[in-house]
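Trainee: Got a sequence here, can you model it:
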Amino acid sequence: MTIIIEPDFGTPAVESATDITVTIDDREVTVPAGTSVIRAAKQAGIDIPKLCATDNLAAFGSCRMCLVEVEGAKGTPASCTTPCADGMVVRTDTEQVRELRRGVMELYLSDHPQDCPGCARGNCEMQALAVTIGMAEVRYGREGRNHLAEQADSSNPYFAYDPTACIVCSRCVRACGEVQGTFALTVSGRGFDSRITPGGTDFVGSECVSCGACVQACPTDSLTEKSLIDLGVPSRTVITTCAYCGVGCSFKAEVTGEGDGTRVVRMLPWKDGGANAGHSCVKGRFAYGYAAHADRQLRPMIRESIDEEWVPCSWDEAIARVAQGFRAIQEAHGVGSIGGISSSRCTNEEVFVVQKMVRAAFGNNNVDTCARVCHSPTGYGLNQTFGTSAGTQDFASVEAADVMLLIGANPTDAHPVFASRMKKRLRAGAQIIVADPRRIDLVRSPHIEAAYHLPVHPGTNVAFVNAMAHVIVTEGLHDTAFLQERCEDVDSYLEFIAQPEHSPEATESETGIPADQLRAAARLYAGAPNGAIYYGLGVTEHSQGSTMVMGMANLAMITGNIGRVGVGVNPLRGQNNVQGSCDMGSFPHELPGYRHVSRPEVREIFEARWGVPIQPTPGLRIPNMFDSAIGGSFRGLYVQGEDIAQSDPNTQHVEAALRAMDLVVVQDLFLNETARFAHVFLPGTSFLEKDGTFTNAERRLNRVRPVMPSLVGREEWEVVCDIATAMGYPMAYDSPAQIMDEIAATTPTFAGVSFARLDDEGSMQWPVTDAAPHGTPTMHIGQFVRGKGKLVTTVYVPTTEQANRRFPLILTTGRILSQYNVGAQTRRTPNSTWHPEDILEVHPADAQVRGIETGDVVELSSRVGTTSLTALVSDRMPPGVVYTTFHHPVTGANVVTTENSDWATNCPEYKVTAVQVTVATEATRAAYESEPEASDASAASEARESERVGAAT
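Mentor: The predicted structure follows:
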């Protein structure tokens, strides 16, 4: 495959009910009214030279390269800022126009390096354009005043800024504002002194979020990826999908070399990406280097005891060890004594074969996934109320929202590409209500200010959502017609929610939200033509996570905000394929497509295809596996791409469970924290080596295509099939495409999905059926999947995890932009430039009484454990609440989180932990400051483990 160059139409497309016809260089073209001349020309196959214009930014008209002549008009207007008129006649290549362009280009070249490295690399649009218009020399020399002595800024680890090549076209500034919405760049000075600046400092010290929009927009070599400088011009392009968050951005992987010598030169966001539409964030754009990191394990390894050193072995030896070990455990302890955990970072096809291996080869339903500890309440709550376990809209729907209710999510850090879409809509006039204990960026940032920030106290979400609904119902703001036509259990719910104990005044002492603020926010949401709810782990990771999801569904139904564009209930999924891992049947009670294992008609579909009986009773969830391991009945575990020893709550309990097992098998890229307790390590493949599909938070299936061959010699789905076969159940496929064919044949919502169709159409949102052959961007139009929407009485039950005299503060956790999940990938990239350690945010009032100052090492203790962090005194949290991230194993934030969990799904209550914070002792501080960042499974981890066990004892 060669380099894919996407066409640039110069200005964005416009929508209009009226079409007009213009003639450009004797070619007639019909376009929507309001279309620019430059875009119409491109649609007619005519390229007009340009430098400041690009089709993802509003027309600017500064470079004067796109001049044209319009019959009957004076002068030579810029084609990017000139709209077409019906009957207009345009000439783009007259002698006058050519001469004007050559004169303008001559001025640019007079202040451009003669030895420009970008020109040599073919990375400079201006150099190519100079050749096109026939201007390569400067008649009046280059000795005059210029900018060629200015110093480059190489502070950013991923790209460099060379002001000598800058033409101040402002494309970077506009991209930072219009596309990203950060407004970190500006033009300082005037005239000849005009320069691009990141807020008067260098790039790494500025507000720049390193999304790459400015680099992609730059038409010269002024902003350039360092990888392009180091590796040179790429030779081919592969379209694939990012493997970080649940937005699911599409990328052009530009690479050089073939086979094992393949090197990724750069990742460019794909303009046709359904989820990202040509935008990106620092992780997807730049943080792919972990795939070639020195810590990557490329050979299988085995050992008899976790106290022994690893011994490299062949694939055949490793698979035989796994199969023999699991069979021996089952012979000694029963068929239910082993199980598996699938990964939300792997493809749908890889996840599907894992659950198939467990059900067909292991002979039980002991399969679970990391969604258990993040979004399992989403699946339960939305299935109960709407009839399907997924979000209701596509991401583009936000562009029609009038009011956004954002609950327990921080999109600018966790889902930054979607956050940019939100910010764009807010700048266009929409309003946002932020319900979060922390003052996130969407409360107030450049050109953005929330209508209301409701600082809901951790653990009281259900009281809050009930109070919102109470106001709407008791003030008559609910949509009676919608409720009568499309919902059931209406009267009982309305009677329940109207009770006085749900009023904002009655719940204020619990939620911490002033009653007048909550009432005003409820009125704003209910009165919006289109009100959309977006939420994250701050909703689901609670003891009442499932109840809260149903409460939000109630809120959408009583206001009629469901079943059309611009509304809905939309979970912002954390990992790249957490939606897909759930879709594929990774829960112990559900087969693919969210169909309960107790349903004989569903089991028959798989039994007929797989040739073995499927157990009709649910298997063990992850917490049950741990408890059963400590109890002695669960003895063997296969873990696919999850670091449960770092990501799951109450680390000591998880480690005790892993130690109790006879055989732990870990398949991953790195020797992570879980691998410290493993007996077999199977090397995995990075997203750059995978062939398959990911499903993002909007139910969009995107192709993941291999950029390079597997560095470990086998695909992950092949390894799983080999294990199943070695255990006596033959499993084999010719390709991942064949696995998807089996998924489509057995799962109605995927009936129309195939690799061929995805390759042809780009992406599709399930359900893809005969009724919706191209997918379903918006769910529940006309009626709900379950028929009528079910209103559920959501009784508020306070969490048992309460602050007390010993643990007077409440800890809640979240993510930061530069790092991802447990950090296994991003910590092995220069992203650590921005976040080298986890920080504990403490309110000034809480810090003062404890003698804590910013930079102090503090001890964070709960009833289950203690860890150490560096403190940051900040008023982003309310008094009584502290906050940290969980990206670094040295911190081990989950040492202190408890086993409290959601009543319906066992999703851990990460967001509410009673803690105490104290200044660390000299000994603890010295140990913390001297401890290296863990290369996973390092001696430092072992030392921490000994300390924790000692502390517990």
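
Trainee: List the buried residues for the top helix by length along the chain?
Mentor: Of all the segments of type helix in the chain, defined by DSSP state H, the longest one is helix 315-333. Counting neighbours by 16 or more other C-beta atoms under 10 Å, one finds that the buried residues in helix 315-333 are 315, 318-323, 325-327, 329-330, 333. C-beta here means a position set from N, CA and C on the backbone, and glycine is covered the same way.

Trainee: Name the nearest of the residues you listed relative to residue 681.
Mentor: Sorting the buried residues of helix 315-333 by distance to residue 681 puts residue 318 at the head of the list, at 8.1 Å, by C-beta to C-beta.

Trainee: which ones are touching the residue lying closest to the closest one once chain neighbours are set aside?
Mentor: Nearest residue to residue 318, sequence neighbours excluded (C-beta to C-beta, 6 or more residues apart in numbering): residue 300, at 3.5 Å. Contacts for residue 300 (C-beta atoms under 8 Å, 6 or more residues apart in numbering) come out as 312-315, 317-318, 680-683.

Trainee: Could you do residue 381 as well?
Mentor: Contacts for residue 381 were tallied using C-beta under 8 Å, 6+ apart; they are 545-550, 552-553, 904.

Trainee: And for the residue nearest to it when sequence neighbours are not counted, the neighbour number?
Mentor: Nearest-residue entry for residue 381: residue 549, 2.7 Å, with adjacent residues in sequence omitted and distances by C-beta to C-beta, 6+ apart. For residue 549, the count of nearby residues is 33 (other C-beta atoms under 10 Å).

Trainee: for residue 857, what are its contacts?
Mentor: For residue 857, the contact set (C-beta under 8 Å, 6+ apart) comprises 868-871, 919-920, 924-925, 928-929.

Trainee: Show me where this protein dips below the pLDDT cut-off.
Mentor: Along the chain, segments meeting pLDDT under 70 span 1, 119-120, 122, 136, 140-142, 929-953.

Trainee: Any figure for the gap between the residue nearest the centre of it and residue 571?
Mentor: Centroid-nearest residue in the chain, with C-alpha atoms, centre = their mean: residue 245, separated by 2.0 Å. Taken as C-beta to C-beta, to the nearest Å, the spacing of residue 245 relative to residue 571 amounts to 12 Å.

Trainee: what's the first-to-last distance across stretch 243-252?
Mentor: Between the opening and closing residues of stretch 243-252 we find a distance of 13 Å, counting by C-alpha to C-alpha, to the nearest Å.

Trainee: Among the contacts of residue 381, which pair sits farthest apart?
Mentor: Checking these against each other with C-beta to C-beta, the farthest-apart pair comes out as 552 and 904, at 14.9 Å.

Trainee: quick one: which of the two has more around it?
Mentor: Neighbours of residue 552 and residue 904, each counted by other C-beta under 10 Å, are more numerous for residue 552; the result is 28 against 18.

Trainee: Which residues are in contact with the more buried one?
Mentor: By C-beta under 8 Å, 6+ apart, the contact set of residue 552 is 381, 407, 465, 533, 535, 539, 569.

Trainee: Using JSON lines, lay out these together with secondary structure and distance to residue 427.
Mentor: Conversion of the contacts of residue 552 to JSON lines gives the following (DSSP: H, G, I helix; E, B strand; the rest coil; distance: C-beta to C-beta, whole Å):
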{"residue": "381", "secondary structure": "helix", "distance to residue 427": "32"}
{"residue": "407", "secondary structure": "strand", "distance to residue 427": "22"}
{"residue": "465", "secondary structure": "helix", "distance to residue 427": "28"}
{"residue": "533", "secondary structure": "strand", "distance to residue 427": "21"}
{"residue": "535", "secondary structure": "strand", "distance to residue 427": "22"}
{"residue": "539", "secondary structure": "helix", "distance to residue 427": "26"}
{"residue": "569", "secondary structure": "strand", "distance to residue 427": "24"}
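
Trainee: nearest to residue 286, of these?
Mentor: For these, the closest approach to residue 286 (C-beta to C-beta) belongs to residue 535, at 28.3 Å.

Trainee: what about the closest one, how many neighbours?
Mentor: Based on other C-beta under 10 Å, the number of other residues close to residue 535 is 24.

Trainee: from now on call the first residue 38
Mentor: In the new numbering, first residue 38, that becomes residue 572.

Trainee: ok, residue 341 - how many residues close by?
Mentor: So residue 341, with other C-beta under 10 Å, has 9 neighbours.

Trainee: which SSE is residue 168 in?
Mentor: With elements taken from DSSP states H and E, the one containing residue 168 is helix 162-170.

Trainee: Enumerate the positions of that helix that are buried.
Mentor: If you call a residue buried by 16+ other C-beta under 10 Å, then helix 162-170 has these buried ones: 162-164, 166-167, 170.

Trainee: What of stretch 46-58?
Mentor: Neighbour-count burial for stretch 46-58, counted by 16+ other C-beta under 10 Å, picks out 46-48, 57.

Trainee: Which residues does it contact?
Mentor: For stretch 46-58, the external contacting residues (C-beta under 8 Å, 6+ apart) are 65-73, 75-76, 79-80, 85, 87, 90-96, 103, 116-117, 121-124.

Trainee: let's see 6 Å
Mentor: The contact list for stretch 46-58, computed with C-beta atoms under 6 Å, 6 or more residues apart in numbering, reads 65, 67, 69-73, 75-76, 79, 87, 90, 92, 96, 117, 121, 123.

Trainee: Please apply the same query to stretch 433-447.
Mentor: Counting contacts by C-beta under 6 Å, 6+ apart, the residues touching stretch 433-447 from outside are 458-459, 462, 467-472, 477, 561-562, 565-573, 575-576, 602-603, 609, 851.

Trainee: can you check stretch 480-493 too?
Mentor: Stretch 480-493 is touched from outside by 220, 460, 463-464, 468-472, 474, 501, 548-550, 554, 558, 915, with contacts defined as C-beta under 6 Å, 6+ apart.

Trainee: Could you write out the alpha-carbon coordinates of it in PDB?
Mentor: What follows is stretch 480-493, C-alpha atoms only, in PDB (Å, rounded to 0.1, in the frame of the first residue of the first chain):
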ATOM      1  CA  VAL A 480     -16.500  23.900  34.600                       C
ATOM      2  CA  ARG A 481     -14.400  26.700  33.300                       C
ATOM      3  CA  SER A 482     -11.800  26.900  30.600                       C
ATOM      4  CA  PRO A 483     -11.000  29.300  27.700                       C
ATOM      5  CA  HIS A 484     -14.300  30.300  26.000                       C
ATOM      6  CA  ILE A 485     -16.200  27.700  28.100                       C
ATOM      7  CA  GLU A 486     -18.100  28.100  31.400                       C
ATOM      8  CA  ALA A 487     -20.700  25.700  32.800                       C
ATOM      9  CA  ALA A 488     -24.100  27.000  33.500                       C
ATOM     10  CA  TYR A 489     -24.000  25.100  36.800                       C
ATOM     11  CA  HIS A 490     -21.300  23.100  38.600                       C
ATOM     12  CA  LEU A 491     -23.100  20.800  41.100                       C
ATOM     13  CA  PRO A 492     -20.400  19.400  43.400                       C
ATOM     14  CA  VAL A 493     -22.200  16.200  44.300                       C
END
